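Participant: Next input, structure requested:
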Amino acid sequence: MASRIAALLLLGVICIGFARAQVVVDCCLSVAERPLPLQIIVSYNIQEAGRGCDISATAFITKVGRKLCVSHPKDLPWVRNHIKYLDEKKQRAQ
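Facilitator: Alright, predicted model coming up:
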């Protein structure tokens, strides 16, 4: 009886591990380097390599809901400036 319970617990732990591994992450697969017009961007997400995605990137979300992938903020000054502007705009709105 104890071995059956142990086997069921082990099976449960294995199933949970597989379930966590199957989480879908919407990753940027490539990035653009050219600057985007600030007036079309409403928000952003920073993607780090190794956290479910292969590359580090910044995903800017446009007014029409498109996700535009550009380089990580540490790589391009204009990306840092856009992020700073969006953060300040969000602070003013609160």
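Participant: Which residue ranges of this protein form helices?
Facilitator: Ranges of helices in the chain, per DSSP state H, are 2-21, 77-93.
Participant: Going by mean pLDDT, which of the ones you listed comes out lowest?
Facilitator: The weakest mean pLDDT among the helices of the chain belongs to helix 2-21, with a mean of 61.
Participant: tell me, how many neighbours does the nearest residue to P35 once chain neighbours are set aside end up with?
Facilitator: Residue nearest to P35 in three dimensions, not counting chain neighbours: W78, with 4.8 Å by Cβ to Cβ, 6 or more residues apart in numbering. Glycine gets a C-beta too; all of them are placed from N, C-alpha and C. Other residues near W78 come to 15 when the count uses other Cβ atoms under 10 Å.
Participant: what's the answer for Y85, then?
Facilitator: With other Cβ under 10 Å as criterion, Y85 counts 12.
Participant: That one: what's its closest spatial neighbour, skipping adjacent residues?
Facilitator: That would be L38: by Cβ to Cβ, 6+ apart, it lies 6.2 Å from Y85.
Participant: Could you check how many residues crowd around the one you found?
Facilitator: For L38, using other Cβ under 10 Å, the count is 13.
Participant: Thought I83 was touching it, still the case?
Facilitator: No - assessed by Cβ atoms under 8 Å, L38 is found out of contact with I83, at 10.6 Å.
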